[in-house]
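Asks: give me the fold of what follows.
(chains A, B, C and D)
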Amino acid sequence: MSRIQNEPRWIDVILSVLAAFFGVQTKRNHERDSMTDSYWRYIVIGLVLLLAFIAVIYLLVKLTLAYL
Amino acid sequence: MSTQTYYVPEQSRWPILASTALFLMAFGAGSLINSLSADTGGATGLLMLLAGTLGMGLIMLGWFSNVINESDKGLYSPQMDRSFRWGMSWFIFSEIMFFAAFFGTLFYIRNLSVPWLGGEGEKGVSNMLWHGFTAEWPLMSTPDQQAFPGPQGVIDPWHIPLLNTILLISSSFTVTLAHKALKLGKRSRVVLWLAVTVGLGIVFLYFQAYEYAEAYNELGLTLNAGVYGATFFILTGFHGLHVTLGTLMLIIIWLRVMKGHFSTEKHFGFEAVVWYWHFVDVVWVGLFLFVYIL
Amino acid sequence: MEKLLLGVSGLFLFSGRAHADWTVNLTKGVTEISREIYDLHMVIFWICVVIGFIVFGVMLWSVVYHRKSRGAKAHNFHESLVVEIAWTVVPFIILIAMAVPATATLIKMYDNTEADLDIQVTGYQWKWRYQYLAEDIDFFSSLSTPREQINNTQEKSTDYLLEVDNPLVIPVGKKVRFLLTANDVIHSWWVPEFAVKKDAIPGFINEAWVIVDKPGVYRGQCAELCGKDHGFMPIVVEVKSQEDYEQWLAEFKKADALKSQAAEKSWNLADLMATGEQVYSKACLACHQANGEGVPSIFPALKNSAVALGDEALHIDVVLNGVSGTAMQAFKDQLSAVELAAVITYERNAWGNKTGDIVTPAQIAELKK
Amino acid sequence: MNSSVATTHHGPASGLSRWLYTTNHKDIGTLYLWFSFVMFLTGGCMALLIRAELFQPGLQLIQPEFFNQMTTMHGLIMVFGAVMPAFVGLANWMIPMMVGAPDMALPRMNNWSFWILPFAFSMMLSTLFMEGGAPNFGWTFYAPLSTTYAPPSVTFFIFAVHMMGISSIMGAINIIATILNLRAPGMNMMKLPLFVWTWLITAFLLIAVMPVLAGVVTMMLMDIHFGTSFFNAAGGGDPVLFQHVFWFFGHPEVYIMILPAFGIVSEIIPTFARKKLFGYPSMVYATASIAFLSFIVWAHHMFTVGMPLVGEVFFMFATMLIAVPTGVKVFNWVATMFRGSLTFETPMLFALAFVVLFTIGGFSGLMLAIAPADFQYHDTYFVVAHFHYVLVPGAVFAIMAGAYYWLPKWCGNYYSETMGKVHFWCSFIGVNITFFPMHFIGLAGMPRRIPDYALQFADFNAVATVGAFIFGFSQLIFLYNVLHCIRKGRKASDEVWEGSHGLEWTLPSPAPYHSFSEAPQIK
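Replies: Predicted coordinates:
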């Protein structure tokens, strides 16, 4: 399996994971992501963003309850 | 990727035998527990449980020696080795989730149910049903003292638990030293460090047993002592069970090292046990923090 | 075909039938909250119907026009960023539009401010207990449909399974707060017209409240599986005008006083046996069975049992205080002294249990103090 | 290439030992599928008994005590005995063929995963004959009905659940290891067939939540026999804690029962539309989002337990979000069909019915997510209608579709298309007659899990019972069709379907006992 020369940067990984959360990704980025071997970065970012996502919903709930 | 054939084993009798043994264990344990609760003997259940456990032990012995033989014959490609690694990692993940259920229980009880019963928080009105009960943790007096008499005392974290923490953390180091030595091919050192690790594990278990005896005999901290006792024993108990299993596994690889098994490159069986031991260790740190100290 | 079926069922839903008590949609209910919930229900329902028509419509279109037998050739597009973003964002917006009123209603429901009347509702295995906290009122309410109707030997009445011996009575237009709990397992107190469904959890108290607009009789059922007779523990609430409510209060208290006087008169075996049989069928029969033989391994037999034939004091203790950790409840508060004395006497003398013992109401009244 | 090993395998052993000792993924897949069919019929008979009792108001056939045992066993058997093993069976058969692997990653453990199940279910069914009767507390076994107030057989129920858990976890580990490690060269993650993707995520869910189920039944066992008070307020515990832990397992569990169905349908629709699946990456992402969201929505099953307001709102919001990725899936399927070239063989019919009826189940799911409205729906027949719509014409139809779709590949013969269509239409009509009226009686106020009901619910209950019998008996057509197909069906070609695509269709029909002893190269 050939390793692609320019591995995605952290910011690319974050954007990719966000795109995955949203469910839509451009073909070019998508191909770049599926060529890489370093899944672990996607997993770590995925978990971190997942926790952030839960926190966002929680804050949203708090805000709603405070103002509604 | 390797072009070598992935080894698919021949038919095997072990799985169906293991299922039978598991069934005997489960059915035996069920009958035994039920008869004990109903005070009606339980000899049949006990017999089934013992037969199942013994059978399972023998089957595992046979099954693993098959695997070791195949490995020795060089049938396992590096790809096979990766399958084992994925298998073990996900197995440990499932164990983490098992403990997560009990940690979750502990957090819920401490932060929600006990305060509510004591009259705090959104469901504090529940205190109406338990006049005189106040929330505290450790829970020294329960809502219904007759049914669940609270403990007179709790374990001091800075004595045996601290000692046990030191023991387990050291054992984590010694097992890593053994692993390093194996990679360097220094087998006598592997034997030594493994022996130390096993020793530390056994001493840990001894102190854990001692602590349980103290809890039961002197502190009144029992399974029946309300939810503090319940969470304490389920967490430390299952951890202790895992340490016992880990120690057994360490003893087995120790014997295998002495028999000359494992090479400097290929020793997944060894590594799996090391992973498991580290997992047991990490769980203990969580326990020490959330069960004993906080 | 699929769409057709959906459409037909949709029409069906709103066609309305001649029977007044025969409904296919959620009740509008008789409280402000219940009407808000009805509206939420209808809004989300119509949203679903519209989305369904669009999605199934496109699908049906493809099924009809893009079939191979009509000579359709497959196109080869398989992605479209614009479309995909659109059908992610649009549902999201609809959801937000839905979440706002839903949250507002929820917050209103959780408004546990001071009420005009507090009633503690306790679920027992297969009956409800109502205690008016400010008044000295405490009674049990259980199914009054006769066994014969359930076993199909008698014609079923209009309110089959939805009728009780002692309905809960509350005043109209007042905020009534319910403090819900349970004695054994989890029950759930549900009256559809109030839009109140709240679990009754043993050892904890949940709160719910209603302000009912309209006097009337409202019926509900236990909504959480609570064992064998889960289907047989209905709830009936009579909502009365303030005057009627006060009259009911006075009458209830008078009847209560009469009951305690009955304990003081002297009773003979025959009278106790007769009353006892009635009480037994109301309070004990569900578990211990009509023949007193119970259900093996779950509910112990009373016929020839050590308790019913042995020490009288122990028997009384079991009935009054229950056996903790089992399904045997404490009947001390559930039954009057007369009823308790009668049922214990009955159990000691029925089905060939011929101890000849008489437990007197006075004896029990003493213990109940 | 190590030829000495490859030559030791020829074909299957003969006789019973083939099935008892097998390490072959196809044999094990077959075992799983037959086992699940037997359990499907067993659980189905219980359902028919329940429906027969509910045909009319009043108690006719069975007493409430036994009725509760039937609802409990029906649920447990259908969830753990029918739907899950059927998906594992399909995974065993298809995943190695789809990723170009010689077999599953850990073949002996694979056999063990299967053979635990018959033992576990014998133990569970044996409780029906025990003193005090079988478990009678519903498949969700809420404490304290399942602890202090349970019949003694609950102990055996607990151990049976432990055994099922062990089986599921080992099965899931095997599937993950196969997918991650045994892919043919060039088969990267974004080329995996969707059935494989959905199973990868399902396997992750299984490993994450089955131990939690084991934990919660262990706490039950402790409460029943060893004096603890996890679920008892008298000692400081909380019965609601049981529900939290249970649904932390239970909610991902319901996705375990639907994600592989998504995968199957995503394989079938492109084949019979002769068009590539629309939005493959978004399908993968949507599956992953559904899986992740499933961990933070569990308490929507518990809106009426009296959670603090923050909890209610949090779980309501999180639950509503699931509609987005689920919607994406449905839209993608429809877009795949749009401008395709459609034919309607039996698998496609089941897949189309899946899309429509599962979506109806999804709609009622969205309604249930609205917490205030849920106060009216909770624990009524509306909920029963909802989850049967996602599980019967959802999961079960997808399994049927998959079975018809791959059957020619498995046994080398086509099934009878006419009989398949008759089976489909009977099932389709039966399912809708059974479950659609349940929406009405639920909204009108009929609680679930009751053996007898008030008179205003009588008409629709009678209708539902008729539908249930139509659906139940039409499954015998399926059985006959499968047997007929195996014994004397028309010979199938290798690619089987005109529009088929993927590695499994490059193999001969029937697929050889060992599929890819040499890994295929994916471009």
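
Asks: counting contacts, what elements does the strand or helix carrying C:Glu36 pack onto?
Replies: If you go by DSSP states H and E, C:Glu36 is part of helix C:32-65. Packed against helix C:32-65 by the contact rule (3 or more C-beta pairs under 8 Å, 6 or more residues apart in numbering or on different chains; DSSP states H and E) you find helix C:2-15, helix C:81-109, helix D:323-337, helix D:346-369, helix D:371-377. In this view, the C-beta of every residue, glycine as well, is placed from N, C-alpha and C.

Asks: mind checking the pLDDT average for the fourth one?
Replies: What it means is helix D:346-369. Averaged across helix D:346-369, pLDDT comes to 96.

Asks: does chain A sit close to it?
Replies: No: judged by C-beta under 8 Å from any C-beta of the partner chain, helix D:346-369 stays clear of chain A, getting no closer than 13.7 Å.

Asks: tell me which residues touch the residue of chain D found nearest chain B, please.
Replies: Nearest residue of chain D to chain B, counting by C-beta to the nearest C-beta: D:Gly215, 3.0 Å away. Residues near D:Gly215 by C-beta atoms under 8 Å, 6 or more residues apart in numbering or on different chains: B:Phe98, B:Ala101, B:Phe102, B:Thr105, D:Val245.

Asks: so how far is whichever strand or helix holds the third one off the chain centroid?
Replies: Using DSSP H and E, B:Phe102 sits within helix B:78-108. In terms of C-alpha atoms, centre = their mean, to the nearest Å, the centre of helix B:78-108 is set 12 Å apart from its chain centre.

Asks: quick one: mean pLDDT for the next helix or strand after it?
Replies: Next helix or strand after helix B:78-108 toward the C-terminus (DSSP H and E): helix B:114-117. In this model, helix B:114-117 has a mean pLDDT of 95.

Asks: what comes up buried for helix B:114-117?
Replies: For helix B:114-117, a neighbour-count test (16 or more other C-beta atoms under 10 Å in any protein chain shown) marks B:Val114, B:Pro115, B:Trp116, B:Leu117 as buried.

Asks: for D:Phe246, helix, strand, or coil?
Replies: With DSSP: H, G, I helix; E, B strand; the rest coil as the basis, D:Phe246 sits in helix.

Asks: from D:Pro252, how far off is it?
Replies: If you measure D:Phe246 against D:Pro252 using C-beta to C-beta, to the nearest Å, the figure is 12 Å.

Asks: in terms of neighbours, single out the busier of those two.
Replies: Neighbours were counted for D:Phe246 and for D:Pro252 using other C-beta atoms under 10 Å in any protein chain shown; D:Pro252 has more, 27 against 24.

Asks: so the helix or strand harbouring D:Met438 versus helix D:346-369, what angle?
Replies: Element membership for D:Met438, per DSSP H and E: helix D:417-443. Here helix D:417-443 runs at an angle of 10 degrees relative to helix D:346-369 (axes from the mean of the first three to the mean of the last three C-alpha atoms, to 10 degrees).

Asks: report the angle between helix D:417-443 and helix C:32-65.
Replies: Helix D:417-443 and helix C:32-65 are oriented at 170 degrees to each other (the same axes, to 10 degrees).

Asks: is the helix holding B:Phe102 in proximity to chain D?
Replies: Yes: residues of helix B:78-108 are located near chain D by C-beta under 8 Å from any C-beta, namely B:79, B:82-84, B:86-87, B:90-91, B:93-95, B:97-98, B:100-102, B:104-105, B:108.

Asks: mean confidence for that helix?
Replies: Per-residue scores along helix B:78-108 average to 95.

Asks: now that helix: buried residues?
Replies: By 16+ other C-beta under 10 Å, the buried positions in helix B:78-108 come out as B:79-80, B:82-88, B:90-106, B:108.

Asks: what's near enough to touch B:Ala26?
Replies: Per C-beta under 8 Å, 6+ apart, neighbours of B:Ala26: B:Gly52, D:Ala120, D:Met123, D:Phe156, D:Phe159, D:Ala160, D:His162, D:Met163.

Asks: can you redo the residues you listed as CSV with secondary structure and neighbour count?
Replies: Listed next are those as CSV, based on DSSP: H, G, I helix; E, B strand; the rest coil; neighbours: other C-beta atoms under 10 Å in any protein chain shown:
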residue, secondary structure, neighbour count
B:Gly52, helix, 20
D:Ala120, helix, 25
D:Met123, helix, 21
D:Phe156, helix, 23
D:Phe159, helix, 25
D:Ala160, helix, 28
D:His162, helix, 21
D:Met163, helix, 22
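
Asks: nearest to D:Phe358, out of these: which one, please.
Replies: Distance to D:Phe358 across these (C-beta to C-beta) is lowest for D:Ala120, with 28.8 Å.

Asks: center of chain C, which residue is that?
Replies: Centroid check for chain C by C-alpha atoms, centre = their mean gives C:Cys222 as the closest residue, at 2.4 Å.

Asks: OK, contacts around the residue nearest to that residue when sequence neighbours are not counted?
Replies: In this structure, C:Cys222 finds its nearest non-sequential neighbour in C:Met233, 4.5 Å apart by C-beta to C-beta, 6 or more residues apart in numbering or on different chains. For C:Met233, the contacting residues are C:Gly123, C:Trp126, C:Lys127, C:Trp128, C:Ser142, C:Leu143, C:His187, C:Gln221, C:Cys222, C:Cys226, by C-beta under 8 Å, 6+ apart.

Asks: now with 7 Å?
Replies: C:Trp126, C:Lys127, C:Trp128, C:Leu143, C:Cys222 (C-beta atoms under 7 Å, 6 or more residues apart in numbering or on different chains).

Asks: low pLDDT regions in chain C?
Replies: C:1-22, C:325 (pLDDT under 70).

Asks: tell me the domain ranges of it?
Replies: Annotated domains of chain C cover C:24-71+C:78-109, C:117-260, C:263-368 [automatic domain parsing].

Asks: determine which stretch of those is the most buried.
Replies: Of all these, domain C:117-260 has the most neighbours on average by mean count of other C-beta atoms under 10 Å in any protein chain shown, namely a mean of 19.

Asks: for the residue of chain B most remote from its centre, which non-adjacent residue is spatially closest?
Replies: In chain B, counting by C-alpha atoms, centre = their mean, B:Met128 sits farthest out from the average C-alpha position, at 39.9 Å. By the measure of C-beta to C-beta, 6+ apart, the closest residue to B:Met128 outside its immediate chain neighbours is C:Ile205, 6.0 Å from it.

Asks: what do you get for D:Ile290?
Replies: That would be D:Pro325: by C-beta to C-beta, 6+ apart, it lies 5.0 Å from D:Ile290.

Asks: for the helix holding B:Phe102, name the packing helices and strands.
Replies: Applying 3 or more C-beta pairs under 7 Å, 6 or more residues apart in numbering or on different chains; DSSP states H and E, we find helix B:78-108 packed against helix B:226-258, helix B:268-287, helix D:154-181, helix D:194-225, helix D:239-256.
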